[in-house]
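> Sequence plus predicted model, see below.
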Number of protein chains: 4
Amino acid sequence: MNTLGKNIRLTSYGESHGEVIGAVLDGMPSNFEIDLEFIQMQLNRRRPGQSAITTTRNESDELIVNSGIFDGKTTGAPIHLQIPNTNHNPKDYSHLKDVLRPSHADYTYQAKYGIRDYKGGGRSSARITAGWVAGGALVQDFLSKQGIQIAAYVKQVGSVALDKDAQWYSMEQIDGNAVRCPDDIVANKMIEEIAKAKKENDSLGGVIECVIKGVKVGVGNPVFEKLNAQLAHAMFSINAVKGFEIGGGFEMSKKRGSEVNDSFGMDNEKVITHSNNSGGIQGGISNGMDIVFRVAFKPTATIGTAQQTIDTAGKDVILEVEGRHDPCVVPRAVPIVETLSALVLGDLIV
Amino acid sequence: MNTLGKNIRLTSYGESHGEVIGAVLDGMPSNFEIDLEFIQMQLNRRRPGQSAITTTRNESDELIVNSGIFDGKTTGAPIHLQIPNTNHNPKDYSHLKDVLRPSHADYTYQAKYGIRDYKGGGRSSARITAGWVAGGALVQDFLSKQGIQIAAYVKQVGSVALDKDAQWYSMEQIDGNAVRCPDDIVANKMIEEIAKAKKENDSLGGVIECVIKGVKVGVGNPVFEKLNAQLAHAMFSINAVKGFEIGGGFEMSKKRGSEVNDSFGMDNEKVITHSNNSGGIQGGISNGMDIVFRVAFKPTATIGTAQQTIDTAGKDVILEVEGRHDPCVVPRAVPIVETLSALVLGDLIV
Amino acid sequence: MNTLGKNIRLTSYGESHGEVIGAVLDGMPSNFEIDLEFIQMQLNRRRPGQSAITTTRNESDELIVNSGIFDGKTTGAPIHLQIPNTNHNPKDYSHLKDVLRPSHADYTYQAKYGIRDYKGGGRSSARITAGWVAGGALVQDFLSKQGIQIAAYVKQVGSVALDKDAQWYSMEQIDGNAVRCPDDIVANKMIEEIAKAKKENDSLGGVIECVIKGVKVGVGNPVFEKLNAQLAHAMFSINAVKGFEIGGGFEMSKKRGSEVNDSFGMDNEKVITHSNNSGGIQGGISNGMDIVFRVAFKPTATIGTAQQTIDTAGKDVILEVEGRHDPCVVPRAVPIVETLSALVLGDLIV
Amino acid sequence: MNTLGKNIRLTSYGESHGEVIGAVLDGMPSNFEIDLEFIQMQLNRRRPGQSAITTTRNESDELIVNSGIFDGKTTGAPIHLQIPNTNHNPKDYSHLKDVLRPSHADYTYQAKYGIRDYKGGGRSSARITAGWVAGGALVQDFLSKQGIQIAAYVKQVGSVALDKDAQWYSMEQIDGNAVRCPDDIVANKMIEEIAKAKKENDSLGGVIECVIKGVKVGVGNPVFEKLNAQLAHAMFSINAVKGFEIGGGFEMSKKRGSEVNDSFGMDNEKVITHSNNSGGIQGGISNGMDIVFRVAFKPTATIGTAQQTIDTAGKDVILEVEGRHDPCVVPRAVPIVETLSALVLGDLIV
C-alpha cells in the first residue's frame, strides 16, 4: 500500500499535521556517498513558501537521516529519512472535521476507513510527498553519478503552454524563474496567470514535462513491468495527477504510422532513432534515446471561493476556506516528478 | 515481469508464432461458475480477422481451460487458460530476422536479451494479449455478477472523434458496428478513415474510453496502490499505448478549480458528486461514481509502405512488409482494455 | 499463492487427476541453452513407479516446453513447462468424495473453499510438484554451469539413519540404490524397513539432507530475505514436510558456544571456517562454505490399514484405501528438495 | 529485503548502535484502538537487562508512535514505531573494526557490502528485533481481541528440556520465572545451567515452543503461501535460529503413519483431530486445532573466552570480548517468536 518498488523500495509514512513525515529507502547499493545537500535542495524545491506564487505555509523541511549510513556512505541497510513537521497543529481544524471538501479525498477516506485524520488532509495530503522526495533525491543523485540525468519542468499552467519540443534543461535553466518553466517569456505569462487566479481566489492546473537522458538501452521489463507502465504508476501516485503520456502521447493517436514511426539509424557506433515519438521506450524497454513524458495536474482542489458541498451526515454545507492554499502546485511538483522517476529507474537498474 | 496483480494474479506466457499463448489466473474466489461462452466472446472480439477493417490474419483463438475448475466451478486453485496458435509458423520470417523495424520492440529486445524470437514479434507481439483477455474476461464476468459493469468503446480513430460525454454503453451498442464506436454516424466516418489509411498502406491510432459502473466507494489503496495508478499501469502494458488519462484528464489541467471541482451532494441515500471530473476516483480510492478513463494508442507500427531503417549490424535497409497487418488496432483493443480493467478491479476487491 | 520467488519466479498450476500439471518459469536469463534431458531425468527421479519401493502408479511424466525458448535457448520470456497426466481419471474416486482422510488436506481445503477436487487429492496432491521439479531442474542446470552443485540424499528412513557428517555426493553415488542413500549398507536397511512397512500396510517418514557447494560468499539478503529463511519457506511448501534445520540445527541448541562457534581461517586466498555449524549461512548470507540443511518428512498419510475418521457431514466412517500408495515418499522427494533449492538460489543470484 | 508480509507489512530499519531502531507497520485495519502498554510490555520482555541471567546492557526501549494513529485509533495509514537507542555509542568499538567474529555476520556483511557498521553488529544485531516486536505486538493485541492467543515459552536450554506435551500457557505462567519456562522445577535447572555457562564465560542455545489457540480453520494458502512455510520464514529471520519444526516435527519422521496420523472426529459441532501431530496445519492451511511449532536457537556466538579467528586482511587474531554479552538469548527471544507469529497470522487474516 505504502511501498513503491521491488529492488529499490520506498516505504512512506506520516501525515500532514502529524509529528513527522518519513520514508524508509531499502535496497540502495552500498558504499554510495550520500549528498545531503542535494537531497535538501530537492526538499526545498518542493516545500511550501518558497516564492510569492506558492502557499505561504512555511515548512523548513529539515531532513534527518538516522539509519543505513556509516561514515557518510550507504551500507546496504535500509535508510531512514525523517522530516519533522515543525508546523504541526498550528490551528484549529475542527470546522473541517465533518465537511466533505469537493475533489479532495475526504469522502473516500472516511467511507473506506470509518475514521479520518482531518487535519490538513492527514495522510491524503501532498505534504507526505516530502518523504518521497527525500528518498527519491538520494536515488536521483546516485543515478546522476552513473550518467543518468533527470530534468522536469513546467510545460503548461492553465491556458499558458510552452510550445517547444521536449528537451533536457539544466536545473539552473529550469529554476531561473519561480514557475520552473525554462523560457522566461512563457514563464512570466504563467506567473501572471497564477497571480490572477490567486487574486480571484481560484486555482490552476498544469502539465509537467520530464526528460531523462543517459539511460542506456535495455532498462525495463516486458510485459507487466514495462518502464512506461512503472513511470505511469509512480506519477499517478502524486496527488492531483489526472493524465500521463509518453513520447508522442495523445497527439500521436491522431497521426498516421508513416508520420510518427521512429526509423532507426546510426550515430557513430550508437543505434538511434531519427525521431523520438516513442519517448525513449519501445516494448516497455528503454531504447537509449531521451525518455520523455508528460504529467497533467488538475487545478488545486482547495480554493478561496465558497463552495456548496455536504458534510459526513449528508447535510448541505457551504465550504469557505481561508488562508494559505496554493493557487497552482505544479511548480512545486517538479521535484516530485523527478524524484519519483529516479525511484522507478533506480528500481529497474540496481 | 510477466505477472500482474497481488491478490488476483495473471501470469502470462507465449509468443506470437509459438505453439501456444497462455495464462495462469491465480487467486480467484472458489465456487464461481465460469462462463466459457463469455470468455470466448471476448477472445473473439480481440482476435484478428473479425471484419473488413482488421487484419486478415485469421486465428480461431479457441480456449482450453485445464486446471482450477471442478464441475464447472472455480476451486480456488490456479486456473490455466491456453490458446493454441493454429496458425503458427505459417510463413518464412527469415527476411525479418535481422531488421530493426521502426517503432517496434525489435531493437530493445535484441539489445536487452541478445536473442530474439523474430517471428511475428515473438513475445513482444500484441497476440499475447489473448491470454490476458482470457483471464481478464473470467474476472470481468465475476465482477459483472457483483454488479460491476465494464464497458470500453472507441472514442477516436485518427482525426475522427466521438464528441460526447463519457457514458456507459451496453456491449450491443458498442458492437453495433465494426469499429466499436457507439454512434453510427461517427463510426462510419471512422471506418472510412481506416479504409482510406488501409488503401494507402498506412495505419491509424486512436483513443478508447472506458466507463465502469457499479464500483462501490472504497476500492483502491493509498498511496502507492491507487486505483488510478493501477489502471494506468495495466493500460500501459498494452502494446502501442502512449497515453492514459482519468476523468477530466489533460483537458482539466487547463481549467480552474472553480470550474472542475466535483461538489458533493446526496441522491437519496447515496453520496454523489454533481460533476465527475475526478473520474470516479479520489485520493486513489473509488468514490462510487462511474470510473472513466481514456487510453491513447499510437498508429500501428507496421505499415505497407517502404521504410528506411537499419539491421542488427547497423547497416541501412529498406523495410517492405507485405500482407496482413492491421491498419488500426483500436477496435480490437476494446476487449483488452475491458479485461485488464477487470483484472485491476478484481485484484483490489477480492 | 502459487508463485515462488521474486526475480526467478515459478508459477504452478494443475491437479493430481486433471489433464495437466504445469508451471511458468519467469525471469530466467536469456541465451541459456536448456538441457531437456537433465530436466526429464529429474522428473524421472520424482515420478512414481520407478522402483519396487515406491507406488506402482505409473506416470511417464513427459515434459513439453512450449514458450520462452528459441533455437533451444532461453529468450528471457516466460518458459511454459507442461506435463500431461497420461493417467488421469483412471478410476472411480467417488467413495472418497465426502471422506476427510486423516492427516491429508481434505478438511482444510473443503472448509476454506467450500468445494474440492477430491480425485487423488486434487491440488493438494504431491503430484503437482512435478511442475516445480521441471522448472527447478532448469534452474539447477543453469546454476550447475556456474559451478553451483546441489545434491540431496536420504539421511534417514523411519528409525534407520545415516550416521555420517554431511558431505556432497555425486548423483551417481546417491542414485546407486533405490532409496537414494549414499551408503549401501545403510540403504539396504532402509529398503528393508520400507518393505516391512509396505507389507504391514503402513508407511514411513524420513529425513533428506541437502548439500550445496560452489555458492560464493554474499548470496542472500538481511533481514527478511535471508537465504536460510527462503530455503525453509521453499521446503515447507513440499507436502509432508514437518521440520527444517540448517547446519548444526536442533542438535546445536544443546551445545555451548565454545563447542560450536565456527572460527575463521584462510585456505590459500579463501576465507573459510574451520567447522561448519553455520551450515554455510551467517546473518542470512552465504559465507562460501557448503550450504547444509535437513528436511523432515512425516510418514505418508495414506496407509493400507483401516482408519477411523469422519465424513464432511461429521459422521463417523471407516476409511479403507486400496492400492497404489507410496509407503515412503522420501526417496522420490530428493529431486524436489534439489530443484526447490535451485529456485531459491537462482532467485537470489540472477 | 527489510519488509515482511503482503497485506500486513512490517518494514524494519535501524542499527544496534545507531540513533534509532524503527519499523513501519502498513496494512493494519482502521479503527483499532492501540494498547501502548501491551506493546511496551512485549518490548520490556525482549529488552536486555531484565534479570540476572541476561546481559547487563540496559536499554529502556521506550516506544514512540508518531503516525497512523488518530485519537488513539489506527486510521489505515502506515504506523511508524520508533525506539531511540538511549545507549548508543557508549564505548569504543574500534578494536572490533577489522575482526571477523566467529559465527557472527561480520564476514558475510563485509564481503557482500564492502562496508560494515561494526558497532555492536550494526544492522546484523538482534537489537533490531525491537522494531519487529513493537509492530508485531500491535498485531498480536489485535489478534487477541479476535480470540487468537499466541503463547511462546522456553522448552529447552542447553541440555535441560521441558518434557511435556505442547500446551497453551498464560503469560503469567510463562513469566513466572526468569527463564520463561512454565515449570518451576525445570526452570530452576535451566537457570542453573545458564549461571554455570555464564560463570565459565560460555553460552547456551535452546528451543522455544509456541502454541497458538483460537485460529479458525482456513488460514493460509496453498502452495507457496502455506501458513507453516510463512511461520518458518519468519522464524528463520530471527538471529541465531537454526531449526524449525511443526507439530510432530523431526521426531515424527521416525514414526509410522499408523502411529501419527491425526484422525478426525467431532467435538459437539466442531471438527477436531484426536491427536495433533499436524500441529494445527494441514496442506498449509489451519485446521482449527492449536498451532504448535518449535524454534531452535544456537548458543550465543559472543562468548567470554578467547577465540582464534582472522581479521579482514586474513591475518590470525585472538578475539577476546569483555563485558555484557548474553549467555543465553532464548528467554528474551520469547516475545520475538510471539510477535513474528502475530505478523504472519495477521498478514493472512486481514
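Cool, got the structure.
> what stretches of chain A score poorly on pLDDT?
A:54-58, A:87-91, A:323-324 (pLDDT under 70).
> Near chain C, which residues of it? Just list them.
A:6, A:77, A:222 (C-beta under 8 Å from any C-beta of the partner chain). In this view, the C-beta of every residue, glycine as well, is placed from N, C-alpha and C.
> how close does A:S253 get to chain B?
Taking C-beta to the nearest C-beta, to the nearest Å as the measure, A:S253 and chain B are separated by 4 Å.
> One more: A:S51?
On the measure of C-beta to the nearest C-beta, A:S51 and chain B end up 20 Å apart.
> Kindly report the same for A:G76.
From A:G76 to chain B the distance is 23 Å (C-beta to the nearest C-beta).
> Out of the residues of chain A next to chain C, which end up buried?
A:77, A:222 (16 or more other C-beta atoms under 10 Å in any protein chain shown).
> now the residues of chain A next to chain C as JSON lines including secondary structure?
Formatted as JSON lines, the residues of chain A next to chain C follow (DSSP: H, G, I helix; E, B strand; the rest coil):
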{"residue": "A:K6", "secondary structure": "coil"}
{"residue": "A:A77", "secondary structure": "coil"}
{"residue": "A:P222", "secondary structure": "coil"}
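> could you pull out the helices for the stretch 151-300 of chain A?
A:171-174, A:184-199, A:227-235, A:249-252, A:257-260 (DSSP state H, counting those that start in this stretch).
> Three-state assignment for the residue nearest to A:F38 when sequence neighbours are not counted, please.
Of all residues not flanking A:F38 in the chain, A:D141 sits nearest, at 4.8 Å (C-beta to C-beta, 6 or more residues apart in numbering or on different chains). Following three-state DSSP, we place A:D141 in the helix state.
> give me the number of residues near A:D141?
Neighbour count of A:D141, defined by other C-beta atoms under 10 Å in any protein chain shown: 21.
> Please apply the same query to A:H95.
12.
> Relative to D:K242, how far out is it?
59 Å (C-beta to C-beta, to the nearest Å).
> now the strands for the stretch 151-300 of chain A?
Per DSSP state E, counting those that start in this stretch, the stretch 151-300 of chain A carries strands over the ranges A:160-161, A:206-213, A:241-246, A:264-267, A:270-273, A:281-282, A:285-286, A:291-297.
> typo on my end, it should be the stretch 1-150 of chain A
A:3-4, A:9-14, A:20-26, A:64-65, A:69-70, A:73-74, A:79-84, A:149-157.
> Walk me through which strands the fourth one pairs with, and which way each runs.
Sheet neighbours of strand A:64-65, with direction, are listed as strand A:79-84 (antiparallel) (DSSP bridges).
> picking up where we left off before, my guess is the residue nearest to A:F38 meets A:I34, correct?
Yes: counting by C-beta atoms under 8 Å, A:I34 is a contact partner of A:D141 at 7.4 Å.
> ok, and for stretch A:165-185, which residues are buried?
For stretch A:165-185, by 16+ other C-beta under 10 Å, it's A:166, A:168-169, A:171, A:173-183.
> ugh, wrong one, stretch A:61-72
A:61, A:63, A:65-70.
> Please report the distance of the residue sitting furthest away from the middle of chain A from B:G314.
Distance from the C-alpha centroid of chain A peaks at A:N268, with 35.8 Å (C-alpha atoms, centre = their mean). Distance, A:N268 to B:G314, using C-beta to C-beta: 10 Å.
> thinking again about what came up before, A:H233 is nearest to which of the strands of the stretch 1-150 of chain A?
strand A:3-4 (8.2 Å; C-beta to C-beta).
> And the nearest residue to A:A234 once chain neighbours are set aside, its phi and psi?
Leaving out its chain neighbours, the residue that sits closest to A:A234 by C-beta to C-beta, 6+ apart is A:L340, at 4.3 Å. For A:L340, the backbone dihedrals (degrees, to the nearest 10) come out as phi -70, psi -40.
> rewinding a little: so who does the residue nearest to A:F38 touch?
A:D141 makes contacts with A:34-35, A:38-39, as judged by C-beta atoms under 8 Å, 6 or more residues apart in numbering or on different chains.
> contacting residues for A:I208?
Contacts of A:I208 (C-beta under 8 Å, 6+ apart): A:152-155, A:294-295, A:297, A:330, A:333-334, A:337.
> a markdown table please, covering the helices of the stretch 151-300 of chain A and showing distance to D:K216.
Listed next are those as a markdown table, based on distance: least, C-beta to C-beta, whole Å:
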| stretch | distance to D:K216 |
| --- | --- |
| helix A:171-174 | 57 |
| helix A:184-199 | 57 |
| helix A:227-235 | 36 |
| helix A:249-252 | 51 |
| helix A:257-260 | 58 |
